[in-house]
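Asks: have a look at this prediction, sequence included:
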Amino acid sequence: MLARKSLNVNAIAKEFDITRQAVSLHVQFLNDCGLIVIKQQGRERYCEAKLERLKEVTDWVDQYRNYWDNKFDSLQNYLAKIQNKKK
């Protein structure tokens, strides 16, 4: 939701079947992680996504994806080699 536009906590809470307080805690966690920022506008607090921070997560996952892709490729080659020997 926040990837599309800034929303206040009440607007976010309306979309979920949990209390506003629970949504507020989730929002605070995302803020602490740097995935969103909270901007005060009058009496309202608006949440805005900071999706560039997800690049760090993507980079971390990619290193393991590459590692496991290589391992599975090696396993596939080994299994193909064994199957060819049985024929």
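Replies: Looks like it arrived, so ask away.
Asks: domain ranges for this protein, per the record?
Replies: Per the record, the chain has its domains at 7-49, 53-86, by automatic domain parsing.
Asks: how far is the last one from where the chain is centred?
Replies: Once both centres are worked out by Cα atoms, centre = their mean, to the nearest Å, domain 53-86 turns out to sit 22 Å from its chain's centre.
Asks: returning to what we had before: among the domains of the chain, which is the most enclosed?
Replies: domain 7-49 (a mean of 14; mean count of other Cβ atoms under 10 Å). For every residue, glycine as well, the C-beta is placed using N, CA and C.
Asks: quick one: mean pLDDT over it.
Replies: Average pLDDT, domain 7-49: 93.
Asks: about what we covered before: tabulate the domains of the chain (a markdown table), appending distance to M1.
Replies: Shown next, in a markdown table, are the domains of the chain (distance: least, Cβ to Cβ, whole Å):
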| stretch | distance to M1 |
| --- | --- |
| domain 7-49 | 6 |
| domain 53-86 | 15 |
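Asks: for the protein, which segments count as strands?
Replies: Ranges of strands in the chain, per DSSP state E, are 7-8, 36-41, 44-49.
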